[in-house]
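Here is a sequence with its predicted model. Questions after.
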Amino acid sequence: MNRNPDAGSSGDQTLDDATDPRVARREKMRQIEAMGIDPFGSRFDDRKLVGDCRELISEIKFRTADGDLLELPDVQSHDVDYRQWKSDNGPGEEIGPTVRVAGRIMLSRPTGKLIFLNIKDWTGSVQIFVGKKQVGEENFDLAKLFDLGDLIGVEGRLGRTNTGELTVFAEKLFFLTKMLEPPPEKHAGLTNVDLKQRMRYADLAFNEGTMETFLNRTKIVKSIRSTLDSDGFCEVEGPTLHTIPGGAAARPFETHHNALDMQLTMRIALELHLKRLMVGGMERVYEMGRVYRNEGLSTRHNPEFTMLEVYQAYGDYQSMMDLTERVICDAIESIGGGYQREFAGKTIDFTPPFKRATYAELFQQATGVDPADDAAVDQYAKKIGLDTDKKHPDVIRNEIFEAKVEDTLEGPIFVIDYPASICPLTKRKRDNPEIAERFELFICGMELANAYTELNDPDLQQKLFETQLEGLDDEESMAKMDHDFIRALRHGMPPAGGLGIGIDRLVMILTGQKSIRDVILFPVLRPSDH
């Protein structure tokens, strides 16, 4: 009894059942091999992407019996009957460029001596006309062995059918890869969310919109780099293994270096090493890379995610607000669709400038409590069920803010001027040292960006590192003592603005996806039963 080694989650099923579609697929594979054809293909040169084929529509002409070349009518218009148009201008023939295309078979409609196929590559889909007379008996016999999901190559004339559909009229067929697993059901597709994420290859291949989302992610990332590069920023790469987890309040993943017999952590932020580079004279730096936080899974959190951090010497948090707007607006323009985007059932208007409001005024609007009144804040916190025991007043204020204010922020809105004590890496306002020059950008209640006027006073930074906030566990605090970072600051870091943007969340919002796992190709998942 044979088992299918390629069956993935179906690997425990036997292949001796005549009703198993995998049995039929393997039988067709053997017939293809018997024709002297490699069922897993070979190099296929000079192919044209389907999207590029659509740009050749203007080269398709109608040649009349008198030899005149006529432009084709706009067959996208519902008022045009292409069959009638050809009859009115005939007799004649349609002519077009010869193209070579390749892709996955998504639809097959055999009708006697004709087979209509739809193949898809990563730029789109196109119809293929396979006629026995046009391709010859051997190629037609090969076409009868095609299954949905197989990868094929086609050479032929680009034209239109009588209904006006763009079509490649096949003259030669090339078999490129046999798909041994059956594809998802034609109409339902791969709908199970967990399977979509575990089997991203099938999700990309067979679900409408998935490929577009991830290609748009690529465009967004390229746009961000382009915007920063054009502003004179230098992209760098920092270490992913740290001896001290710093730059954020998060629990790290821990690992051990055997050769040096030392504990290391995966980085939870990019910040402190980029600031070291500013000390060294790199005045505009950024890194876009993975960070790792040992946290739970949700629609907004993945333990491994992509972060952008940017630092600009002689700037401040106002500089970073302007830069954030420009980065996001340029990203929107890179994928098209305008500044109004649908997300979470709402229409978000990204037309700049984005709204700006202080932490204090938003707090009071949402709660009716004066944030400067510690007693009233403590009383309100207890009223909504928060534990205030041994907690710093600013910690209590921020827990209220997270519980009652953030969800009201549809945005895009810059929340500016946070309590200083919860921002240990941030410069204080000169006229009010209780307030930090910090902003967070919120959209639909979700934090998308965080920025500071960076603290560059080494003595104050050391003091903040040494003083833990009341009521916060060590693992929840950003106050980890990094002695080398303090030493670096003593060498002189220029006044600067710093910015962090969660790339996955940005892509999620701009592409209208419900979950962060829908914009990460291979998210962290719970163990499978299979």
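Arrived safely. Note that this is a predicted model, so its numbers are computed, not measured.

alpha carbons only for contacts and neighbour counts from here, please
Will do.

would you put the C-alpha positions of the helix or strand hosting Arg22 in CSV?
For Arg22, the enclosing helix or strand under DSSP states H and E is helix 21-34. The C-alpha coordinates for helix 21-34 follow below in CSV (Å, rounded to 0.1, in the frame of the first residue of the first chain):
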residue,chain,number,x,y,z
PRO,A,21,-8.4,12.7,-7.2
ARG,A,22,-4.7,12.4,-6.4
VAL,A,23,-4.7,8.9,-7.9
ALA,A,24,-6.0,10.3,-11.2
ARG,A,25,-3.5,13.1,-11.2
ARG,A,26,-0.6,10.7,-10.7
GLU,A,27,-2.0,8.5,-13.5
LYS,A,28,-2.0,11.6,-15.8
MET,A,29,1.5,12.3,-14.7
ARG,A,30,2.6,8.8,-15.8
GLN,A,31,0.9,9.3,-19.2
ILE,A,32,2.7,12.6,-19.7
GLU,A,33,6.0,10.9,-18.9
ALA,A,34,5.1,8.1,-21.4
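
Name the residues of that helix that are buried.
Within helix 21-34, the residues that count as buried by 16 or more other C-alpha atoms under 10 Å are 22-26, 28-29, 32.

Need the contact partners of it.
Applying C-alpha atoms under 8 Å, 6 or more residues apart in numbering, the contact partners of helix 21-34 are 15-18, 38-39, 142, 145-147, 178-182.

try stretch 448-467
Defining contact as C-alpha under 8 Å, 6+ apart, one finds that stretch 448-467 is touched by 315-317, 320-321, 424-428, 436-442, 478-481, 486-487, 489-490, 492-502, 505-506.

Which among the residues you listed count as buried?
By 16+ other C-alpha under 10 Å, the contacts of stretch 448-467 give 315-317, 320-321, 424-428, 436-442, 478-481, 486, 489, 492-502, 505-506 as buried.

what about the strands in the stretch 51-200 of the chain?
Using DSSP state E, counting those that start in this stretch, the strands of the stretch 51-200 of the chain run over residues 61-64, 69-71, 92-95, 98-111, 114-121, 124-131, 151-160, 166-177.

Would you mind giving these as JSON lines with mean pLDDT, mean neighbour count and distance to Trp85 added?
Supplementary listing: the strands of the stretch 51-200 of the chain in JSON lines, determined by pLDDT from 0 to 100; neighbours: other C-alpha atoms under 10 Å; distance: least, C-alpha to C-alpha, whole Å:
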{"stretch": "strand 61-64", "mean pLDDT": "92", "mean neighbour count": "19", "distance to Trp85": "10"}
{"stretch": "strand 69-71", "mean pLDDT": "91", "mean neighbour count": "14", "distance to Trp85": "11"}
{"stretch": "strand 92-95", "mean pLDDT": "92", "mean neighbour count": "16", "distance to Trp85": "11"}
{"stretch": "strand 98-111", "mean pLDDT": "97", "mean neighbour count": "19", "distance to Trp85": "23"}
{"stretch": "strand 114-121", "mean pLDDT": "97", "mean neighbour count": "20", "distance to Trp85": "23"}
{"stretch": "strand 124-131", "mean pLDDT": "97", "mean neighbour count": "22", "distance to Trp85": "21"}
{"stretch": "strand 151-160", "mean pLDDT": "97", "mean neighbour count": "22", "distance to Trp85": "13"}
{"stretch": "strand 166-177", "mean pLDDT": "97", "mean neighbour count": "21", "distance to Trp85": "16"}
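
so how far is Met446 from Ala376?
Remark: distance between Ala376 and Met446 (C-alpha to C-alpha, to the nearest Å) = 27 Å.

What residues of the lowest-mean-pLDDT helix or strand in the chain count as buried?
Here the helix or strand of the chain ranked lowest by mean pLDDT, DSSP states H and E is helix 458-466, holding a mean of 85. Applying a neighbour-count criterion of 16+ other C-alpha under 10 Å, one finds 458, 461-462, 464-465 buried in helix 458-466.

for stretch 355-362, same thing?
Applying 16+ other C-alpha under 10 Å to stretch 355-362 flags 359-360, 362 as buried.

Out of those, list just those in strands.
Using DSSP state E, no member of those sits in strands.

Next, the residues that contact stretch 505-517 from outside, please.
Residues from elsewhere that reach stretch 505-517 (C-alpha under 8 Å, 6+ apart): 197, 213, 216-217, 220, 298-302, 332, 341-344, 448, 504, 518-519, 523.

picking up where we left off before, generate JSON lines for the buried residues of helix 21-34, with pLDDT and distance to Glu71 as supplementary columns.
Shown next, in JSON lines, are those (pLDDT from 0 to 100; distance: C-alpha to C-alpha, whole Å):
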{"residue": "Arg22", "pLDDT": "93", "distance to Glu71": "47"}
{"residue": "Val23", "pLDDT": "95", "distance to Glu71": "49"}
{"residue": "Ala24", "pLDDT": "94", "distance to Glu71": "46"}
{"residue": "Arg25", "pLDDT": "96", "distance to Glu71": "44"}
{"residue": "Arg26", "pLDDT": "96", "distance to Glu71": "46"}
{"residue": "Lys28", "pLDDT": "97", "distance to Glu71": "43"}
{"residue": "Met29", "pLDDT": "97", "distance to Glu71": "43"}
{"residue": "Ile32", "pLDDT": "98", "distance to Glu71": "41"}
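
between these, which is closest to Ala366?
Ala366 lies nearest to Arg22 out of these, by C-alpha to C-alpha, at 59.3 Å.

out of the buried residues of helix 21-34, who's nearest Lys120?
Arg25 (20.0 Å).

Any figure for the gap between that closest one and His257?
48 Å.

Could you do Val507 as well?
Val507 is 35 Å from His257, by C-alpha to C-alpha.

Alpha carbons of stretch 389-401, in CSV - could you do that?
Coordinates of each C-alpha in stretch 389-401 appear next as CSV, following Å, rounded to 0.1, in the frame of the first residue of the first chain:
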residue,chain,number,x,y,z
ASP,A,389,-2.3,49.8,44.2
LYS,A,390,1.3,51.0,44.4
LYS,A,391,1.1,52.4,40.8
HIS,A,392,2.6,55.7,39.7
PRO,A,393,-0.1,58.2,38.9
ASP,A,394,1.1,58.4,35.3
VAL,A,395,0.9,54.7,35.0
ILE,A,396,-2.8,54.8,36.1
ARG,A,397,-3.5,57.7,33.7
ASN,A,398,-2.0,55.7,30.9
GLU,A,399,-4.0,52.6,31.7
ILE,A,400,-7.2,54.7,31.6
PHE,A,401,-6.0,56.2,28.3
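
roughly how far is it from the heart of the chain?
Put simply, stretch 389-401 sits 35 Å off its chain's centre (C-alpha atoms, centre = their mean, to the nearest Å).

Inside helices: which ones of the buried ones among the contacts of stretch 448-467?
Secondary structure defined by DSSP state H assigns 317, 320-321, 486, 489, 505-506 of the buried ones among the contacts of stretch 448-467 to helices.

Pick out the lowest-pLDDT one from these.
Across these, the smallest pLDDT goes to Ile486, namely 92.

How about the contacts made by that residue?
So Ile486 contacts 458, 461-462 (C-alpha under 8 Å, 6+ apart).

Now render the residues you listed as TSV, adding distance to Val50.
Output for the contacts of Ile486, formatted as TSV (distance: C-alpha to C-alpha, whole Å):
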residue	distance to Val50
Pro458	58
Gln461	57
Gln462	59
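
What separation do you get for Leu264 and His242?
6 Å.

Same question for Gly96.
60 Å.

measure Leu114 to Asp141 for me?
Counting by C-alpha to C-alpha - Leu114 and Asp141 are separated by 11 Å.

do Ser58 as well
Ser58 is 33 Å from Asp141, by C-alpha to C-alpha.
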